[in-house]
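Undergrad: Got a predicted model here, sequence first, then my questions.
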Amino acid sequence: MPVDEALLERHWGFSSPELGISEYSVSLRVGGGWTVGVLSRPLGHEQENGWVIAHSFGPEQMELQMTEVFLARRVAAAGYPVLRFHCQGYGDSEDLDMSLNPSSHVRDTVDAVAAMRAQVGANVGLIGARFGAMVSAIVAERLGLSQLILIDPVVSGRRFANEILRARRITAVAGDGSIIPRSAIDPSTEADTVSVNGFLMTAEMQRELRALELASCLSDFRGRSLVVQVTVKDRMQPALADLVDRLNRLGADAALRVVTDPFAPRFGREHLQVIGPDSSGDLLSDLNRALARELLGWLEGSENRGPHDGR
Amino acid sequence: MGDRVKEELVFVPVGGSAYIASVAAVPNNDPRAVVVITTGGGGVPRSHKYRLWTKLARRLAEHDIASVRMEWPGVGDSTGPLRLSLFSPPVDELTEVARFAMAAMGTTRLGLVGNCLGARSALQVAVSRLPCESVALMLLKPVHRRSRPTHAKGPSRGSFRWIRRKLPRWLKDFGRPILRKVTGAERRGRSVMQTVARLPETTDTLLLEPRIHQSAKMAALVASAGRGGDRHRFELRDLPGVAMQDFDSSEKQEALLTTLVDWFVESFAKPETVRPSSTGRVEQAAQARTSATSARPLP
């Protein structure tokens, strides 16, 4: 029997009064290949501006997905269409074998913003968590977007690369023994290309990553932006406070919010854990709710102020 | 999505309010079978770690085998509450997605593959819900130790956490096997293989477990489950990793994908078998094959 295309088509999306949204799968062309995206829309009145979620890098992409989906649905329920998608090399994208690099993220996110503009018009903002925040910042500045939300942003590409490689070395020493303990301490003995959770990190990509600094990515951004710090203790991170000051001096309208949660260190890391007799739960569910509250509060402020000019 | 396969993200309604996000991979030619691909209980999305399941789906499509790779409720793009329990696997969700997959792909020939929680769900579906021609069950863990809860804050901590905290480690290690017997964890481990033994004889069954040569208990369990001369195929093979995160090298991934693709290609190369009746008795098999209970490593 042939494939029932009509049946597949009838299941491309759903409407959920409980969530207050409808969601549709979209096939996007990003970075020269096809990928899967999901467009969330409100069931009620729809605002004129939409959002695109830029996902994080390498293994963090999978760990942050549940947070991104949760935020996409909450923001959509508040009236804003939201698009989430996979960059090439991730999830359901066409080109799974490519070696990742920050510029491929930027390229694909630029394409996704263009696709979203075709759906909802020119007024599109970006939301990104961790490395996705850095990608969002680069794209927002390049395209002159008027709104930007950065959640627990990576401020230094060098530190982020070191973090990833250190975690990989520790896993390798403890796990398969592919690295001897001495080289786990001394990264200079590391091979040029390493596999981090199945993602190939080439020497060139590491160089590109290390050269990135969030502050320099936003040297000319004049839109509205929200920076959310995720932390265990209610203490502002100086690098983020400096970033917000700098943005405001540039003429942007930037705000910093701090969200505290005991499981904040798990943000971007494994967060589903055995929490009861033989069952798993999400340690970040409270944090996700708190993030949604901050985002929605800020968005409500945006509505009251009217659209920002951008640059 | 490439020359040989078209992929579509669909949302399959389950239980009235939840929608299971699944990617249907449709080969260019009419599919000769469909394989539903599930994940474990660690909350990974449908593509799985290292995009393994996306790669598997595309490789199966090259052999005109369609697939639907799914996420559990509350995971990835699926809606619904997150509920991942190894001893109460989500069976209804897998059943609904499998029914949808067969209807959409225009075939009644069904295969199931899953790891850990997904393997347990697939097992239960193949035993009691849907006629299934072939299953590949990874990390079913019939002799695996029961995992201990995390020291999490909030209501998740066990009622007896304060007792556990006071006890010395040696006493806890001594008491754990006794507790496992008392709480039934030991019995549940054994019952997994009893469920495997209840699979219809027409269902090709592949078990992929780590370090099988080191575990006499595993060999004994599998030997007892695979007993019976009428089984089509029943194989235990060595998995080169104790968990899915061990498949970060391209060699291991290739070995796993080749094993799974070959398994399903061979299963669906046979003519379709006639379905077992509701009592589970096989009325007729189009082609009876010799039982092959073996333990051989992945290629």
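TA: Looks like it arrived, so ask away.

Undergrad: what are the ranges of the strands in chain A?
TA: Using DSSP state E, the strands of chain A run over A:13-16, A:21-30, A:33-42, A:50-54, A:82-85, A:124-129, A:147-151, A:194-196, A:199-201, A:224-231, A:253-260, A:272-276, A:279-282.

Undergrad: Confidence-wise, which of these is weakest overall?
TA: Here the lowest mean pLDDT among those goes to strand A:272-276, at a mean of 73.

Undergrad: on that earlier part again, quick one: which of the strands of chain A is nearest residue B:43?
TA: Residue B:43 lies closest, by CB to CB, to one member of those: strand A:272-276, at 3.6 Å. Where C-beta positions appear, they are placed from N, C-alpha and C, glycine not excepted.

Undergrad: that older thread, would you format the strands of chain A as a markdown table with distance to chain B included?
TA: Formatted as a markdown table, the strands of chain A follow (distance: least, CB to the nearest CB, whole Å):
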| stretch | distance to chain B |
| --- | --- |
| strand A:13-16 | 5 |
| strand A:21-30 | 3 |
| strand A:33-42 | 5 |
| strand A:50-54 | 12 |
| strand A:82-85 | 8 |
| strand A:124-129 | 16 |
| strand A:147-151 | 19 |
| strand A:194-196 | 5 |
| strand A:199-201 | 8 |
| strand A:224-231 | 16 |
| strand A:253-260 | 13 |
| strand A:272-276 | 4 |
| strand A:279-282 | 4 |
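
Undergrad: As CSV, those strands with distance to residue B:233 and mean neighbour count would be great.
TA: Below are these laid out as CSV (distance: least, CB to CB, whole Å; neighbours: other CB atoms under 10 Å in any protein chain shown):
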stretch, distance to residue B:233, mean neighbour count
strand A:13-16, 38, 18
strand A:21-30, 36, 20
strand A:33-42, 34, 23
strand A:50-54, 44, 28
strand A:82-85, 40, 26
strand A:124-129, 46, 27
strand A:147-151, 49, 27
strand A:194-196, 34, 18
strand A:199-201, 35, 21
strand A:224-231, 50, 24
strand A:253-260, 53, 18
strand A:272-276, 34, 19
strand A:279-282, 32, 21
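
Undergrad: Just put these in JSON lines and tack on distance to residue B:37.
TA: Below are these laid out as JSON lines (distance: least, CB to CB, whole Å):
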{"stretch": "strand A:13-16", "distance to residue B:37": "21"}
{"stretch": "strand A:21-30", "distance to residue B:37": "17"}
{"stretch": "strand A:33-42", "distance to residue B:37": "15"}
{"stretch": "strand A:50-54", "distance to residue B:37": "25"}
{"stretch": "strand A:82-85", "distance to residue B:37": "21"}
{"stretch": "strand A:124-129", "distance to residue B:37": "28"}
{"stretch": "strand A:147-151", "distance to residue B:37": "31"}
{"stretch": "strand A:194-196", "distance to residue B:37": "23"}
{"stretch": "strand A:199-201", "distance to residue B:37": "21"}
{"stretch": "strand A:224-231", "distance to residue B:37": "33"}
{"stretch": "strand A:253-260", "distance to residue B:37": "36"}
{"stretch": "strand A:272-276", "distance to residue B:37": "19"}
{"stretch": "strand A:279-282", "distance to residue B:37": "20"}
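
Undergrad: Next, give phi and psi for residue B:31.
TA: Taking degrees, to the nearest 10, you get phi -70, psi 140 for the backbone angles of residue B:31.

Undergrad: Might you list the low-confidence residue ranges for the stretch 201-311 of chain A?
TA: For the stretch 201-311 of chain A, applying pLDDT under 70 flags the ranges A:275-279, A:303-311.

Undergrad: what's the answer for the stretch 51-200 of chain B, then?
TA: For the stretch 51-200 of chain B, the stretches flagged by pLDDT under 70 are B:143-166, B:172-173, B:176-177, B:179-190.

Undergrad: at 90 what do you get?
TA: By pLDDT under 90, the low-scoring segments of the stretch 51-200 of chain B are B:81-89, B:140-198.

Undergrad: For the residue of it found nearest chain A, grab the count of nearby residues.
TA: Going by CB to the nearest CB, chain A is nearest to residue B:106 of the stretch 51-200 of chain B, at 3.2 Å. Neighbour count of residue B:106, defined by other CB atoms under 10 Å in any protein chain shown: 15.

Undergrad: residues contacting it?
TA: Listed by CB atoms under 8 Å, 6 or more residues apart in numbering or on different chains, the contact set of residue B:106 reads A:1-4, B:30-31.

Undergrad: how far away is the closest residue to residue A:200 other than its chain neighbours from residue A:109?
TA: Nearest non-adjacent residue to residue A:200, counting by CB to CB, 6 or more residues apart in numbering or on different chains: residue A:99, 4.4 Å away. As judged by CB to CB, to the nearest Å, residue A:99 and residue A:109 stand 18 Å apart.
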